[in-house]
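Visitor: the following comprises the amino acid sequence and a computationally predicted model.
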Amino acid sequence: MTQGLSRGLTNYGDADFSLYLRRTFAKQAGYSQEMLSKPVIGIAQSTSGFNPCHRNFPDIIEAIKRGVLAAGGLPLDFPTISLGESFTTPTTMKFRNLMSMDVEEMIRAQPMDAVVLLGGCDKTVPALLMGAASADVPAIQLVPGPMVPMPFEGERLGACTDCRRFWGKFRGGEVTQQKIHVVEGKLAATAGTCGVMGTASTMASIAEALGMSLPGTAAIPAVHSDRLRAAEASGRQAVQLAISRLRPSSIITGPSIENALRVLLAIGGSTNALIHLTAIAGRRGIPISLRRLNELSDTTPVLVDLKPTGRHYMSDFYGAGAIGAVLREIKHLLHLDCMTVTGDTLGERLAAEDPWVDRDVIRRFDQPIYPQGGLVSLFGSLAPNGCILKRSAADPGLFESTGRAVVFASLADLAARIDSPDLDVKADDFLVLQNAGPTSDAAMPEAGYLPIPAKLAKAGVRDMVRISDARMSGTAYGTVVLHVSPEAAAGGPLALVRDGDRIRISVSEARIDLLVDEAELASRRLTLPAAPALPTRGYSRLYARSTLQAEEGCDFDFLRG
Ligand code: FES
């Protein structure tokens with residue numbers, strides 16, 4: 001069987017010459033003939049000076065290589081696109097699919113028998129898993145681990161829920177300019193991804209729940225020596241995968257996707273993760289129905305007491321039993337025959353685990369934090385294809401409510417008017433943002449967490465109903481309706497909302513409706529501007545032409561399985 005460096009030869013019209021030339025250049029790197037005959041383990045690594053969440057990667061890569069070598073493989077790392085959340089404009093979401101194409105094609109184009117996928121900041125894990133699911137070469141996911149919160153003035157701080165909390169205080173006048181600069185240096189004090197159950201931690205948890213990461217590795221803090229042992233073990237396991245040929249297509253299946261959805265709900269995970277999981281599943285041709293999500297959500301309680309909605313940080317979660325403890329608690333709801341990268345089924349994994357759990361952080365199934373899953377989809381005349389509310393992070397007092405729309409036509413309009421003293425807005429109004437969806441120029445930024453208008457914030461208002469086709473950071477919280485589909489830029493009903501319209505939401509009925517009669521909406525539709533011309537060239541043109549809506553994971557139409 002062709003393996004190692006003999007795989008996928010460069011085409012010179014003479015296979016023997018191609019292999020000879022490849023060995024020549026491999027030897028340029030100083031490898032012996034013996035090393036070049038071993039299984040090759042690629043390490044797809046997303047180190048970047050523009051991605052400080054990944055700053056422990058040099059140590060992790062060294063540990064992965066140690067594990068590969070110890071198990072008899074040849075480790076070869078290669079760079080991928082890296083997506084640092086706050087360093088990328090207009091948003092990392094625009095480039096997730098590009099990174100996934102980079103990952104897929106470089107796994108396929110280079111000779112490797114298995115690959116370790118190394119990424120952690122929000123979009124990198126989805127992009128790695130999407131690419132690996134498409135390439136379908138044996139693969140194992142490893143994350144850098146969450147950062148550790150640090151003490152500051154009598155409390156602990158960790159990105160990024162505390163970032164938002166302090167920014168809210170600053171906007172409300174409770175924190176000075178001088179103090180906010182001090183806080184900037186305290187919020188992300190160690191290597192690693194955001195230290196709460198935001199998108200990065202949620203995607204790490206989902207990777208483990210899917211069976212694509214080694215058991216127990218999702219939540220190990222970035223600075224803990226266990227993280228390096230996990231890296232070494234992942235390198236070793238990659239060699240076993242190279243031998244067993246267990247591929248992502250045997251691990252990412254309909255039942256394992258449903259397991260991952262259960263975990264997403266039980267951990268009160270990020271709304272973004274739903275888009276990413278949908279995209280990952282889509283690469284294997286597995287649809288995720290938002291109505292099925294609601295069925296799962298109604299029967300899966302939130303069990304973990306973590307920020308952004310609870311009290312604890314990811315490092316506490318690790319000490320409390322982490323994803324293994326959550327999986328054991330919802331075991332009766334899971335498909336236990338799903339295969340994992342270890343070659344064991346999920347059921348075999350759980351049967352072998354230490355049952356210890358800290359109930360202060362991870363609750364019993366029958367004593368949950370929240371009786372239903374963290375996410376719920378709403379449907380109705382405002383969102384015919386659905387939208388998402390993170391109900392575990394929202395104010396239940398607003399779940400059955402009707403409000404007057406205060407509409408912002410774009411992010412620029414929002415920025416220009418949200419703090420204006422002249423803005424006609426009251427605390428029980430619904431803030432509506434248009435044209436921030438997947439195919440808009442804004443490329444679906446995490447702008448759905450609209451700021452409370454300054455004059456209301458100063459009056460003590462901390463939450464309002466906010467509705468948009470945008471996304472929200474996994475570290476944010478509030479009564480925020482997201483991913484409205486079809487989006488405004490695609491001519492969805494959201495584009496037809498005008499100041500003063502009445503909107504009704506009902507979480508109990510899973511509905512969201514624009515209370516405007518059909519004739520009026522039809523006449524408004526005639527006044528909508530024509531769709532803008534496609535960008536003339538490059539990736540922006542590809543993105544604008546091929547991006548699907550939120551309920552299809554915002555993947556490119558030509559990449560789905
Ligand atoms: Fe990288 Fe939050 S900014 S994980």
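Guide: Received the coordinates, thanks.
Visitor: can you tell me how far the residue of the stretch 351-500 of the chain found nearest the ligand is from residue 374?
Guide: For the stretch 351-500 of the chain, the residue closest to the ligand is residue 475, as judged by CB to the nearest ligand atom, at 7.1 Å. C-beta coordinates here come from the backbone N, C-alpha and C atoms, glycine included. From residue 475 over to residue 374 the distance is 14 Å, taken as CB to CB, to the nearest Å.
Visitor: wait, residue 265 sits on residue 375?
Guide: Yes. Residue 265 lies in contact with residue 375 (CB atoms under 8 Å); the separation is 6.2 Å.
Visitor: overlap of the contact sets of these two?
Guide: residue 297 (CB atoms under 8 Å, 6 or more residues apart in numbering).
Visitor: got a list of what residue 477 touches?
Guide: Residue 477 touches 161, 164, 308, 309, 390, 393, 394, counting by CB under 8 Å, 6+ apart.
Visitor: okay, strands next: where are they in the chain?
Guide: 40-45, 74-79, 114-118, 139-142, 150-152, 155-157, 375-380, 383-390, 400-408, 430-433, 465-468, 480-485, 502-506, 511-514 (DSSP state E).
Visitor: and for the nearest residue in space to residue 23 that is not next to it in sequence, the neighbour number?
Guide: Leaving aside its sequence neighbours, residue 23 sits nearest to residue 36 (CB to CB, 6 or more residues apart in numbering; 6.2 Å). Applying other CB atoms under 10 Å, we find 17 residues neighbouring residue 36.
Visitor: how near is residue 36 to residue 69?
Guide: Using CB to CB, residue 36 is found at 14 Å from residue 69.
Visitor: the residue of the stretch 351-500 of the chain closest to the ligand reaches residue 194, doesn't it?
Guide: Yes. Look at residue 475 against residue 194 with CB under 8 Å: they come within range, at 5.7 Å.
Visitor: intersection of neighbour lists for the two?
Guide: Jointly contacting residue 475 and residue 194 under the rule CB under 8 Å, 6+ apart are 159, 160.
Visitor: distance of residue 199 relative to the ligand?
Guide: 7 Å (CB to the nearest ligand atom, to the nearest Å).
Visitor: equivalent analysis for residue 17, please.
Guide: Taking CB to the nearest ligand atom as the measure, residue 17 falls 45 Å from the ligand.
Visitor: got a list of what the residue lying closest to residue 317 once chain neighbours are set aside touches?
Guide: With CB to CB, 6+ apart as the criterion, residue 317 has its nearest non-adjacent residue at 5.1 Å, and that residue is residue 219. Neighbouring residues of residue 219 by CB under 8 Å, 6+ apart: 145, 146, 201, 204, 205, 314, 315, 317, 318, 322, 323.
Visitor: before we move on, what about residue 118?
Guide: So residue 118 contacts 43, 44, 45, 46, 57, 60, 61, 64, 128, 142, 143, 144 (CB under 8 Å, 6+ apart).
Visitor: possible to save those residues as TSV with pLDDT?
Guide: Listed next are the contacts of residue 118 as TSV, based on pLDDT from 0 to 100:
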residue	pLDDT
43	98
44	98
45	95
46	95
57	98
60	98
61	98
64	98
128	98
142	98
143	98
144	98
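Visitor: can you redo the residues you listed as TSV with distance to the ligand?
Guide: Shown next, in TSV, are the contacts of residue 118 (distance: CB to the nearest ligand atom, whole Å):
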residue	distance to the ligand
43	20
44	18
45	15
46	11
57	13
60	15
61	18
64	20
128	14
142	15
143	10
144	9
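Visitor: quick check, nearest of the residues you listed to residue 82?
Guide: Nearest to residue 82 among the contacts of residue 118 is residue 46, at 3.9 Å by CB to CB.
Visitor: next, count neighbours for the closest one.
Guide: Count around residue 46 with other CB under 10 Å applied: 28.
Visitor: and the helices in the stretch 251-400 of the chain, which stretches?
Guide: 254-266, 271-283, 290-298, 314-320, 322-329, 346-351 (DSSP state H, counting those that start in this stretch).
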